[in-house]
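*Asks:* Model the structure of this input:
(one chain, ligands or ions: 1)
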Amino acid sequence: MASGQEPGFRESVNLLFDRAARHMDLPPGLVEKIRVVNSTYTVRFGVKLRGDIHTFTGYRSVHSEHAEPVKGGIRFALGVNQNEVEALAALMTYKCALVEVPFGGSKGGLTIDPRQWDADELERITRRFAFELIKRDLIHPSQNVPAPDMGTGEREMAWIADQYHRMNTTDIDARACVTGKPLNAGGIRGRVEATGRGVQYAIRDFFRHRDDMKLAGLEGGLAGKRIVVQGLGNVGYHAAKFLQEEDDCLIVGVIERDGAVVNDKGLDIETLSGHLRHHGGVAKYPHGKYTQNGAAVLEEECDILIPAALEGVINNDNADRIRARLVVEAANGPTTAAADEILRKKGVVVIPDMYANAGGVTVSYFEWVKNLSHIRFGRMQRRQEEARQELIIEALEKMTGKTFPDELRGGFISGADELTLVRSGLDDTMRGAYGTMRHVWHARRQDDKDFDLRTAAYIIAIERVAESYKSLGL
Ligand code: NAD
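*Replies:* Okay, the predicted model is just below:
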């Protein structure tokens, strides 16, 4: 975490925002309006558990309503506080604007250690929290749509969706009140993997551009690149797994709550993740070297560092010792504003959070659209597409007198199912946003060698939010 002398998370986000705003020619009043958090609702509620009443504190913060609904995950963690929720809500606004997801920014959180409660207890706590938010329209299909974040997943989203439905029995769009639900409760294929998948697509896109790699001092392809990952939860696990299995990267270090494991020859993510689930930590993992000092592994020599756990982990205290060439911010806010400055001076390239982890909200958007249209993507077209491809094969064979190669037939004919369409939409979104970002990055670097990808991302996001506000008549 960031040292006590550094500004807090929200302040850090504001500092990075201000740095970008200084490159723009916007009226100061408008800049201020975009920067501020519109509202934060704090709720304290009691739940009778284990024979006693326990009081919990939760938040739902709305950063910007320039587009509605507003969107942002719900985090369950002991460290949740107003400052953190507001910073995360602001990042959601910029993230949605950057990847052209038509939502404003929001975030929620409950100050709780979910591991201290069993599933039944957590369900009662989650439903009670959801009740407080739903009755104030802070969870609502057209106003405010949560999703999973740290400490929450499909299970919690299903409870929230059901709670909303119970309180709004005639709302035909009730399922669109929250995303990240299990499939049987109105979820979409590919949402669980989406954020990690987006991290993989972001890295692939970076590696498609030699100029960009050169700026990080990297060359060659992705295969064999050495990666350290912090946090093997939803985001870190999927990112590491896909990069290992599909891009032949070497995951040489994994940092978790109880320390880290390293292995120069690469850690098998599937096996390590099984061990983590089973034992609650990475200690005693037999196929790597364990150290209790997880933070030190952030400083290991590697090509790519992927912080995928908490904010503020790269800070004033350790930024100077980071040896990765490329930092990919899978977590929200892992680099403090001060550390960002240090990394930039060292020539480390940072792929910023608002882009790198936007896969989650992108597929959440697809899920929301699916819920409102009440039909699975691809259901109408898939077989028709296949029939048309069959016809093309038939015509080709007739015209040439030759047989279409068997090994290509399956791939050529098969129509796109929901998962294929979701991945295609996600890939397209990530590539589109990266293209826009790097265009600004390279254009501005001509006069300012210090200009970085994060500032480019902020400029694009701020410009888009400013345009919305202007057309709203502000
Ligand atoms: P998660 O709860 O599934 O996983 C977090 C992981 O980090 C866990 O394995 C946990 O044990 C580990 N961890 C916790 N404290 C740690 C510490 N001090 N050191 C090392 N590891 C630690 O959470 P997640 O959903 O994967 O979210 C991780 C980050 O990604 C958060 O910053 C979140 O805001 C961001 N994010 C998540 C999503 C999403 O779709 N889930 C989307 C965008 C951004």
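
*Asks:* Can you name the residue of this structure nearest the ligand?
*Replies:* residue 233 (1.6 Å; CB to the nearest ligand atom). Every residue, glycine included, has its C-beta placed from N, CA and C.

*Asks:* Correct me if wrong: that residue contacts residue 307.
*Replies:* No. Look at residue 233 against residue 307 with CB atoms under 8 Å: they stay out of range, at 11.9 Å.

*Asks:* When these two are compared, which one has more neighbours?
*Replies:* residue 307 (29 against 19; other CB atoms under 10 Å).

*Asks:* ok, that one - contacts?
*Replies:* Residue 307 makes contact with 230, 231, 298, 313, 314, 327, 329, 330, 331, 334, 335, according to CB atoms under 8 Å, 6 or more residues apart in numbering.

*Asks:* which of these come close to the ligand?
*Replies:* When contact is defined as CB under 6 Å from any ligand atom, those meet the ligand at 230, 231, 330, 331.

*Asks:* Most neighbours of all those, which one?
*Replies:* That'd be residue 330 among those, by other CB under 10 Å, with 31 neighbours.

*Asks:* The residue sitting furthest away from the middle of the chain and residue 159, how far apart?
*Replies:* No residue in the chain sits farther from the centre than residue 401, which is 50.9 Å out by CA atoms, centre = their mean. Look at residue 401 and residue 159: by CB to CB, to the nearest Å, they are 61 Å apart.

*Asks:* likewise residue 213?
*Replies:* Distance of residue 213 to residue 159, computed by CB to CB: 44 Å.

*Asks:* Comparing those two, which residue is more hemmed in?
*Replies:* Neighbours were tallied for residue 213 and for residue 159 using other CB under 10 Å; the higher tally belongs to residue 159 (22 against 18).

*Asks:* Looks like that one contacts residue 120 (just checking).
*Replies:* No. Judged on CB under 8 Å, residue 159 makes no contact with residue 120 at a distance of 11.0 Å.

*Asks:* how about the closest residue in space to residue 137 that isn't next to it in sequence, what does it touch?
*Replies:* Using CB to CB, 6 or more residues apart in numbering and skipping the chain neighbours, the partner closest in space to residue 137 is residue 143 (5.2 Å). Shown in contact with residue 143 (CB under 8 Å, 6+ apart): 68, 69, 70, 137.

*Asks:* Distance to the ligand and secondary structure added to those residues, as a markdown table?
*Replies:* Below are the contacts of residue 143 laid out as a markdown table (distance: CB to the nearest ligand atom, whole Å; DSSP: H, G, I helix; E, B strand; the rest coil):
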| residue | distance to the ligand | secondary structure |
| --- | --- | --- |
| 68 | 20 | coil |
| 69 | 17 | coil |
| 70 | 15 | strand |
| 137 | 23 | coil |
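
*Asks:* Show me which of those residues are buried.
*Replies:* Buried by 16 or more other CB atoms under 10 Å: 68, 69, 70, out of these.

*Asks:* Now those residues in a markdown table, please, with extra columns for pLDDT.
*Replies:* Below are the buried ones among the contacts of residue 143 laid out as a markdown table (pLDDT from 0 to 100):
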| residue | pLDDT |
| --- | --- |
| 68 | 96 |
| 69 | 98 |
| 70 | 98 |
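
*Asks:* Take those and lay them out in JSON lines including distance to residue 243.
*Replies:* Converted to JSON lines, the buried ones among the contacts of residue 143 look like this (distance: CB to CB, whole Å):
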{"residue": "68", "distance to residue 243": "35"}
{"residue": "69", "distance to residue 243": "32"}
{"residue": "70", "distance to residue 243": "32"}
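
*Asks:* Regarding stretch 92-110, how distant is the last residue from the first?
*Replies:* 18 Å (CA to CA, to the nearest Å).

*Asks:* returning to that earlier point: any idea how far residue 83 is from the residue farthest from the centre of the chain?
*Replies:* Residue 401 is 72 Å from residue 83, by CB to CB.

*Asks:* next one: residue 470
*Replies:* Residue 470 is 30 Å from residue 83, by CB to CB.

*Asks:* same thing with residue 154?
*Replies:* Where residue 83 is concerned, residue 154 sits at a distance of 28 Å (CB to CB).

*Asks:* So the two - more neighbours on which side?
*Replies:* Of the pair residue 154 and residue 83, residue 154 is the one with more neighbours under other CB under 10 Å, namely 18 against 14.

*Asks:* for the spatially closest residue to that one that is not a sequence neighbour, what are its contacts?
*Replies:* Counting by CB to CB, 6+ apart, residue 154 lies nearest to residue 182, which is 4.4 Å off, once chain neighbours are set aside. Residues in contact with residue 182 (CB under 8 Å, 6+ apart) are 154, 155, 157, 158.

*Asks:* Which ones among those lie within helices?
*Replies:* Judged by DSSP state H, helices contain the following of the contacts of residue 182: 154, 155, 157, 158.

*Asks:* isn't the first one right up against residue 187?
*Replies:* When you say that, I think you mean residue 154. Yes. Using CB under 8 Å, residue 154 makes contact with residue 187 at a distance of 6.7 Å.

*Asks:* picking up where we left off before, quick check, nearest of the buried ones among the contacts of residue 143 to residue 7?
*Replies:* residue 70 (25.0 Å; CB to CB).

*Asks:* partners of the closest one in the sheet?
*Replies:* Each beta-bridge partner of residue 70 is listed here: residue 104, residue 144, as defined by DSSP bridges.

*Asks:* Verify the contact between it and residue 64 for me.
*Replies:* Yes. Residue 70 sits in contact with residue 64 when judged by CB under 8 Å, with a separation of 7.3 Å.

*Asks:* quick one: common contacting residues for the two?
*Replies:* 104, 105.

*Asks:* Now look at the lengthiest strand in the chain and say if it contacts the ligand.
*Replies:* Longest strand in the chain, counting residues (DSSP state E): strand 52-64. No. Using CB under 6 Å from any ligand atom, strand 52-64 stays clear of the ligand, coming no nearer than 13.6 Å.
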